[in-house]
Structure formats: C-alpha cells, structure tokens
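*Asks:* Any chance you could fold what I've pasted below:
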Amino acid sequence: YRYSVNRMMRSKKKEARVLLWHRISGHLGTQSTIRVAPNCKGMEDIVGVNQRIELPKCDCCLRSKSKRKKPKPKVTHRYRKVMYSMHTDMSGRIKTKSIQGAHYFVVFVDDASGYKFGYLLRTKDEFLQAFDQLATRLGRHPKVLKKDNAGEMSSKRAMDYYQKFRVAIENCPPHEHEGNPRAESAIGTLSSHARAMMIDACAPKRFWGFALLAAVELENRFLPFVPGSSHTCWEAFYGTQPDNLDIPVWGCKAYVNIPKNRRHDQKHDETAISGVYIGSARHLGYDAHLVSTLDGKRIYISKYNVAFYNNTYPWKDKNTPHDTIQLHCGRLEDDDEEPGTQTTPQMIFDADTEETSEAIAFTEERHDRMYTRSQARALEEESMQQERVQRERARVQAAESSAEQRQIQQELPEEQQGAFDKAEAMLDEMIR
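*Replies:* Presented below is the predicted three-dimensional model:
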C-alpha cells in the first residue's frame with residue numbers, strides 16, 4: 001500500500017512538471033516537448049518521462065485548437081540546405097488592431113529545418129518590406145520562394161523585386177491553397193497557439209501581435225523539425241541546442257528593476273515595477289524579455305533585472321473581461337472597437353543598460369510617419385512625371401511651330417515673285 005501511494009505521488013509530480021513545461025512552451029504538444037527535452041538546456045526535470053503519460057485535458061487547448069478534420073497533402077521533397085528555400089503565406093485581415101498597429105501577419109518557413117519567421121503588417125502591401133527584413137536578418141535572399149497567387153506577392157513590383165535579387169518563384173495552382181501546405185499549416189498552428197496563450201492568460205485581444213510573435217519563437221525552440229525527431233527546428237537551423245531554462249509562461253506576472261536615474265526619490269521610491277511577460281525581444285534585436293504594463297502603455301526590455309512568477313496572472317486577477325477569441329487560420333473575429341480602448345506604448349527603457357529611448361518600434365507614430373513620407377514621395381514622383389510630360393508636349397509643339405515657320409519662309413518668296421511678275425506685266429500694258 002505504501003509503495004502504491006509513493007508511486008502515485010511521484011506520478012503526480014511528473015504530471016505537474018510536464019504540465020508546467022506545456023504552459024511554458026505555449027501549449028505545444030506534450031509528446032514533442034518530452035522528446036526534445038534531452039537536447040534542450042534547463043529541461044532536465046522531464047528527461048526520461050514516458051511520452052505516453054496520461055495527463056488531464058488542457059481546457060485552453062480544447063477551446064483553442066478544435067478544427068475540422070480534412071486530409072492533408074504529403075510533403076514529397078525537402079531541400080537539405082537551410083536558407084535555400086522558403087515557404088510563405090499571409091493571414092487574412094484581423095479585425096482587432098494590435099498594439100503595434102497591425103491587421104495582418106506573414107510567416108516564412110525554412111524548407112530544410114522548419115524554422116519560422118513571423119512579421120506583423122499594417123497593410124498587405126508591406127509584404128516586400130517584410131521579405132526585405134528577412135533577407136537582412138539572414139544576410140542574403142533565399143534562392144527559392146514558394147507562395148500562392150496573392151496579389152501583393154504576384155504584382156509587377158514584386159516580380160521586379162524577385163528578378164532583381166534572383167529569387168526563383170514556385171506558385172501554387174489557382175484556387176488551391178493545399179499546394180502550399182507548409183505555410184498554410186504554419187499559419188494555423190501559430191494562430192491556435194497564440195489563441196491558447198491569450199485564453200490562458202485572459203489577455204486583451206489587442207495583445208495578439210505579441211502572442212503571435214511569442215508563438216513563433218516557442219515553436220522554433222520546442223517543435224521537432226521533422227515528425228518523430230528529437231531535434232528542434234532551432235537546432236536544425238543554427239546547429240546548436242536551444243537554451244529553454246529561463247523561459248517563463250506567457251502572460252505571467254513579472255517585476256522589472258527600475259534604474260536609479262528613473263526614480264524620483266532614489267532612497268524611498270520603489271525599486272521595481274510589476275507587469276506582464278509578453279514574449280521575447282529577439283524580433284527587435286535584443287536577446288532579452290519584454291514586460292508590459294496591464295494597459296499596454298509602457299513596455300520594458302530586460303534580460304537580467306527581471307523576476308517572473310509562473311503561477312500568477314495579473315490579467316486574471318484584474319478580472320479582465322474574458323471573451324472567446326475566435327482566431328481561425330489567421331482571422332480574428334471581434335466586435336467593433338469602442339473609442340478609447342486602443343492603447344499604444346509611449347516609452348520603453350532597457351532595464352539592464354539604464355538607457356531610455358522612444359518606443360518607436362511599438363507606436364503608430366512611426367508607421368504614420370513612414371506612410372506620410374511614402375505618400376509624399378509618391379506625390380512628388382507624380383508631379384515630376386507630370387512636369388516631364390508637359391516639357392515633352394511643349395518640345396513637340398515648339399518643333400511643330402518651327403516646322404510651320406520654315407515652310408512659310410520657303411513659300412513666301414515664291415508668292416512675292418509672282419506679285420512682282422504681275423506688277424511688271426501691268427506696267428508694260430500701260431506703257432503700250
């Protein structure tokens with residue numbers, strides 16, 4: 001009897017550890033998480049756990065990952081060289097505007113390793129800008145890009161861009177999205193994992209951009225690059241094992257240290273501020289964590305001067321209105337936004353280096369300025385084109401008028417000569 005009780009207690013501890021890593025990984029599959037644990041730093045507590053362990057059903061996964069079953073096409077060929085071929089697809093329009101001001105997101109999937117890159121877009125015509133950011137991050141453009149026949153990916157401007165950088169295009173047949181299964185599957189899995197994390201944390205819907213970027217990072221760190229493998233997409237892409245030791249649960253409570261130059265009274269003011277963990281800052285160029293206030297008006301970047309509490313959720317404690325998030329294949333259905341509900345971060349500081357800077361990467365002001373500049377450039381180019389057309393018309397008219405004048409000058413002496421002849425003939429008749 002004592003042996004059975006001890007065995008039951010040990011099994012419950014294992015279940016608790018596996019469930020914790022299930023939440024830390026963004027509600028990924030437990031079998032995949034246990035399979036890659038030996039090749040990830042900081043996951044030694046679940047090494048050796050049976051992959052077929054019976055766990056209680058996750059309510060967030062049941063509410064966020066339910067899908068209609070349909071046959072999936074099989075992948076027949078894969079390139080062996082990373083960064084050689086990429087699959088891409090764009091989500092549908094998401095009605096709720098994110099804190100970054102985005103309504104769409106685009107994903108790029110490496111064919112060899114399965115490593116994913118995600119970017120938020122305000123409009124669909126920012127696709128080439130995201131593709132250019134991907135090339136800047138990789139150091140070069142991929143040789144092959146597999147896509148569907150979307151207008152923003154197949155426009156004349158996009159085709160000129162591909163031809164300029166020698167990118168070969170593989171298009172899907174018209175009206176057959178199943179021809180690009182890697183990108184379509186990535187859109188669905190990222191959407192479901194982001195939705196699960198937001199439901200688990202009771203996060204406001206305007207934080208979907210941070211949840212999606214966090215889902216991209218977590219899938220790269222926890223998912224195997226091929227089904228049944230024990231090596232992650234991160235290891236297949238970079239060649240090194242991912243360090244998953246310091247990854248907290250998305251949406252948990254966090255305390256960020258306040259630098260001394262940010263305190264009014266260095267002796268008596270609080271030395272830390274509480275917030276919510278909203279993901280990694282790798283997409284911003286920092287190897288650090290992102291911590292936001294509950295209203296999302298300020299976001300802090302810190303790697304060392306931050307503490308996390310995985311069992312505390314500020315949005316739940318605040319009794320945030322918990323609405324069902326209907327995010328399916330990249331489309332978020334939500335009621336119309338009420339005026340005054342959309343908030344954007346105002347300031348951001350690095351708690352490790354004690355540097356302060358404007359939160360240009362998170363505010364709509366930067367996007368507005370970029371749109372204004374692009375609109376001004378377009379108007380300037382249009383005016384210059386009109387001026388060139390007017391100058392060409394004036395040149396043609398001047399050439400035509402000069403030709404008429406030359407013709408008149410040639411015809412005028414002949415008419416004068418005829419008049420002189422007539423006058424001389426009249427004089428001769430009068431003399432006679």
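*Asks:* mind listing the strands for the stretch 251-400 of the chain?
*Replies:* 253-257, 272-280, 289-292, 299-302, 306-309, 326-328, 331-333, 347-350, 355-358 (DSSP state E, counting those that start in this stretch).
*Asks:* what does the second one contact?
*Replies:* What that stands for is strand 272-280. Strand 272-280 has contacts (C-beta atoms under 8 Å, 6 or more residues apart in numbering) with 201, 203, 207, 210-211, 213-214, 217, 248-258, 288-294, 299-300, 307-308, 314-315. For glycine as for every other residue, the C-beta is placed from the backbone atoms N, C-alpha and C.
*Asks:* Drop anything exposed from the residues you listed.
*Replies:* 201, 203, 207, 210-211, 213-214, 217, 248-258, 288-293, 299-300, 308, 314-315 (16 or more other C-beta atoms under 10 Å).
*Asks:* Mind checking what secondary structure the spatially most central residue of the chain has?
*Replies:* The centre of the chain sits closest to residue 119, judged by C-alpha atoms, centre = their mean, with a distance of 1.1 Å. With DSSP: H, G, I helix; E, B strand; the rest coil as the basis, residue 119 sits in strand.
*Asks:* Please name the nearest non-neighbouring residue to it.
*Replies:* residue 130 (3.9 Å; C-beta to C-beta, 6 or more residues apart in numbering).
*Asks:* again with residue 143
*Replies:* In space, residue 143 is closest to residue 84, 5.3 Å off (C-beta to C-beta, 6+ apart).
*Asks:* show me what contacts that neighbour?
*Replies:* 111-112, 142-144.
*Asks:* closest to residue 187 among these?
*Replies:* Among the contacts of residue 84, residue 111 lies closest to residue 187 (C-beta to C-beta), at 16.1 Å.
*Asks:* my guess is that closest one meets residue 83, correct?
*Replies:* No. Residue 111 is beyond contact range of residue 83, at 9.4 Å (criterion: C-beta atoms under 8 Å).
*Asks:* and the gap between the residue lying closest to residue 293 once chain neighbours are set aside and residue 98?
*Replies:* The spatial neighbour of residue 293 that comes closest, neighbours along the chain excluded (C-beta to C-beta, 6+ apart), is residue 275 at 5.3 Å. Distance, residue 275 to residue 98, by C-beta to C-beta, to the nearest Å: 18 Å.
*Asks:* Looking at these two, which is more packed in?
*Replies:* The neighbour comparison of residue 275 against residue 98 (other C-beta atoms under 10 Å) goes to residue 98, with 25 against 21.
*Asks:* I'd like to know which helix or strand in the protein has the lowest mean pLDDT.
*Replies:* Lowest mean confidence among the helices and strands of the chain (mean pLDDT, DSSP states H and E): strand 326-328, at a mean of 33.
*Asks:* What's opposite the residue nearest to residue 293 in the beta bridge?
*Replies:* Residue 275 forms beta bridges with residue 254, as assigned by DSSP bridges.
*Asks:* and it, what pLDDT?
*Replies:* On the pLDDT scale, residue 275 is placed at 93.
*Asks:* swap in the one 3 residues further on?
*Replies:* What the model reports for residue 278 is a pLDDT of 93.
*Asks:* Number of residues surrounding it?
*Replies:* Residue 278, neighbours per other C-beta under 10 Å, totals 25.
*Asks:* check which helix or strand covers the nearest residue to it once chain neighbours are set aside.
*Replies:* With C-beta to C-beta, 6+ apart as the criterion, residue 278 has its nearest non-adjacent residue at 4.2 Å, and that residue is residue 210. If you go by DSSP states H and E, residue 210 is part of helix 208-222.
*Asks:* what is the mean pLDDT for that helix?
*Replies:* 94.
*Asks:* what packs against that helix?
*Replies:* helix 30-36, strand 104-110, strand 116-121, helix 181-201, helix 233-238, strand 272-280 (3 or more C-beta pairs under 8 Å, 6 or more residues apart in numbering; DSSP states H and E).
*Asks:* Now tabulate the ones you listed in CSV and tack on distance to residue 381.
*Replies:* Below are those laid out as CSV (distance: least, C-beta to C-beta, whole Å):
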stretch, distance to residue 381
helix 30-36, 51
strand 104-110, 26
strand 116-121, 23
helix 181-201, 34
helix 233-238, 40
strand 272-280, 39
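*Asks:* Next up, phi/psi of residue 60, please.
*Replies:* phi -70, psi -40 (degrees, to the nearest 10).
*Asks:* meant to ask about residue 153, not that
*Replies:* Dihedral angles of residue 153 (phi, psi; degrees, to the nearest 10) stand at phi -100, psi -10.
*Asks:* OK, contacts around it?
*Replies:* So residue 153 contacts 88, 90, 127, 147 (C-beta under 8 Å, 6+ apart).
*Asks:* do the same with residue 174
*Replies:* Here residue 174 is in contact with residue 149 (C-beta under 8 Å, 6+ apart).
*Asks:* Kindly report the same for residue 218.
*Replies:* 25-26, 28, 193, 247.
*Asks:* quick one: which of these is nearest residue 67?
*Replies:* Distance to residue 67, by C-beta to C-beta, is smallest for residue 193 among the contacts of residue 218, at 12.9 Å.
*Asks:* ok, that closest one - how many residues close by?
*Replies:* There are 26 residues near residue 193, going by other C-beta under 10 Å.
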